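> Just to be clear, the model below is a prediction. Sequence and coordinates:
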Amino acid sequence: MYSFGAILGARECADTHQSREIELCYETIDSANSSKLRFCEACVSCTDSWLLYNCINCQDSVGCVGLRNKSNCIFNEQYSKEEYKKRLQEMRLGTFSGLKKAKETFEELKKRTPRKFAAILKSENVTGDDITNSRNLHCCFNARNEVENCRYGFRLHERVKDGMDAFIVWNGSELFYEAVSVTGQNVKCSAFIWGGFNVQYSYNCFDSNHIFGCVGLRKKEYCILNKQYSKEEYEVLAPKIIEAMKAKGEYGEFFPADMSTFAYNETLAQDYCPKTKEEAEHIGFKWRAPEKKEYSITLKTEAIPENIADVEESIIKEILECAHKGICKEQCATAFKILPQELMLYMRLGVPLPRLCPQCRHMERIRLKNPIQLWTRECQCAGAPSHRHGENKCKESFQTPHAPERPEIIYCESCYQQEVA
Ligand SMILES: [Zn+2]
Ligand SMILES: [Zn+2]
Ligand SMILES: [Zn+2]
C-alpha cells in the first residue's frame, strides 16, 4: 500500500520506497531482504527494528546508523537483551509523541555520523549515487548490475550500456539516447519501447524494429507514422524526414514538452525537480490546479489517537484530516482514510497512526532521499591523530549528491573505510 518502486518481492508493506524482498515493513526506503522494519533507510538483511540508517544484518535495534551484524542496540549503544526490552518499552514508540522524540535523536545521530560521499559499490570510474557493479558512468543515479559507458541516466538496471539522457532502461539495452522506459537496441528520442531495435521518435511500441514516429505498434517493421513501408521505401524516406527535421533544428531532441498529455506537477518530475507553476509553464509544460476536494472530515488531526493501543477498529469509517491541511503545495489530498489491511499492519508493527495523507507521506520520504544532482566537494574528515593522515586534512575531492549546505559530514572512500566502516 502507498509504495513506490516496490515491485520485486514486497509483501504486506505500506509506505515503502524503492525497496525489494521486504515483508511487514512500514516507511522503509532503499532497503532489501528485510522484515518488520519501521522508518528505516538503506538497510539490508535487517529485522524487527525501528529507525535504522545504513545498517546491514541487524536485529532488534532502534535509532542506529551504520551498524553491521548487531542486535539490541539503541542509538548505536549496545544493551543486553533484557535492558533492550525495558528501554524499548520506555521509549513508547507506539505513541506519536514517543516516536517523534526517538526520530529527533535519530536524526541528530545521522548528522553526526560521517557518510561516504556517495553510495557506490564494486564500480569503477563512475560518478553519481546508488551505483552497484558498474563501470564508466558519468552522473548516473540508481544504476545496478553491469551498467557501462552511460551518461546522465537514472534507474539503469541489468546489463545496460552505451547510452545517455535516459530514465528507466533495463535488461541488455544498448545504444539509447533521450529514452524513457526502454529495453531495446538503438533507441532514440522515444518512450515506452519494450523490445525491438532501430527505433526513433516512437511511443508505446513493443518488439518492433526499424520504426520512425510510431505509436502503439506491436511486432512491426519498417513503419513511419504507423504506416507500413517496404524495407527499400523506408530506407529512402526515413533519412529524408531526418534531413527535414535537422533543417528545423528538431532532430536529436526529445518530444517537445507541450506534447505531454500530463501536467508537470502530476508527474515524477515534480518529485525530483520541483518547480512552481510559473517555472513549469515558462519551459513549456502544462500545469494542473488541484481539484477542489469536498471531503467532510470526521476526525481532526489533533483527535487522531496518540497511541496505537487506543485505536479502535471503527477508525476505518473515519475521514481523517491531513496535518498539512492542503497548505504544503504537494498535491495534499487534505484528508485520508485508513484501510482495514493498513490498520492491521499498524497494529502488528505497533506504529502510531499516520497524521499525513498518502501523498504528503510520499513527499516526506522523497525529502529523506538524496537529490539526483551532484556537487564537487572535499573530504570533511577532522584529521584526528588516530586518523590516516594524522593532524592533516584529507585532500581528496569527489562528486557527491550531498549539497554543500547539508548538515551531514561527508568522507572520501578511504577515510570512510578507515574510520566508519
Ligand atoms: Zn496531505
Ligand atoms: Zn503535505
Ligand atoms: Zn578523506
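Thanks, I have the structure now. Numbering: from 1, shown residues only. Ligands and ions are numbered 1, 2, ... in the order given.

> What ranges does the stretch 251-400 of the chain have for its strands?
Listed in chain order, the strands of the stretch 251-400 of the chain (DSSP state E, counting those that start in this stretch) span 320-321, 335-336, 375-378, 397-400.

> can you tell if the second one touches ligand 2?
No. For strand 335-336 and ligand 2, the contact criterion (C-beta under 5 Å from the ion) is not met; the two come no nearer than 11.0 Å. Where you see a C-beta, it was placed from the backbone N, CA and C, and this is true even at glycine.

> ok, back up a step: out of the strands of the stretch 251-400 of the chain, nearest to residue 78?
Judged by C-beta to C-beta, the one of these that comes nearest to residue 78 is strand 397-400, at 30.8 Å.

> average model confidence for that closest one?
For strand 397-400, the mean pLDDT works out to 96.

> got it, and stretch 9-26?
93.

> Could you give me the buried positions within it?
Going by neighbour count (16 or more other C-beta atoms under 10 Å), the buried part of stretch 9-26 is 10, 12-20, 22, 24-26.

> Now do the contacts for residue 231.
Neighbour list for residue 231: 210, 221, 222 [criterion: C-beta atoms under 8 Å, 6 or more residues apart in numbering].

> Between those residues, which sits nearest ligand 3?
residue 210 (51.3 Å; C-beta to the ion).

> Would you tell me what the next helix or strand after the host helix or strand of that closest one is?
Assessed by DSSP states H and E, residue 210 sits inside strand 209-212. The first helix or strand that comes after strand 209-212 along the chain, using DSSP H and E, is strand 221-224.

> Show me the helices in the stretch 151-300 of the chain, by range?
Ranges of helices in the stretch 151-300 of the chain, per DSSP state H, counting those that start in this stretch, are 231-247, 269-272, 277-282.

> Looking at those helices, which one is packed in the most?
Burial of the helices of the stretch 151-300 of the chain is given as mean neighbour count (mean count of other C-beta atoms under 10 Å); helix 269-272 ranks first at a mean of 16.

> hmm, that one in reach of ligand 2?
No. Using C-beta under 5 Å from the ion, helix 269-272 stays clear of ligand 2, with a minimum separation of 12.9 Å.

> That helix - what's its average pLDDT?
90.

> how about the CA coordinates for that helix, as CSV?
Output of helix 269-272 as CSV, limited to C-alpha atoms (Å, rounded to 0.1, in the frame of the first residue of the first chain):
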residue,chain,number,x,y,z
ALA,A,269,9.4,15.3,-12.5
GLN,A,270,7.8,17.3,-9.7
ASP,A,271,9.1,14.8,-7.1
TYR,A,272,12.7,15.1,-8.3
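
> Quick one: residues in contact with that helix.
Outside of helix 269-272, the residues within contact range by C-beta under 8 Å, 6+ apart are 264, 275, 362, 363, 366, 371, 372.

> separation between residue 175 and ligand 1?
43 Å (C-beta to the ion, to the nearest Å).

> just residue 391 next, same as before
Residue 391 sits 50 Å away from ligand 1, taking C-beta to the ion as the criterion.
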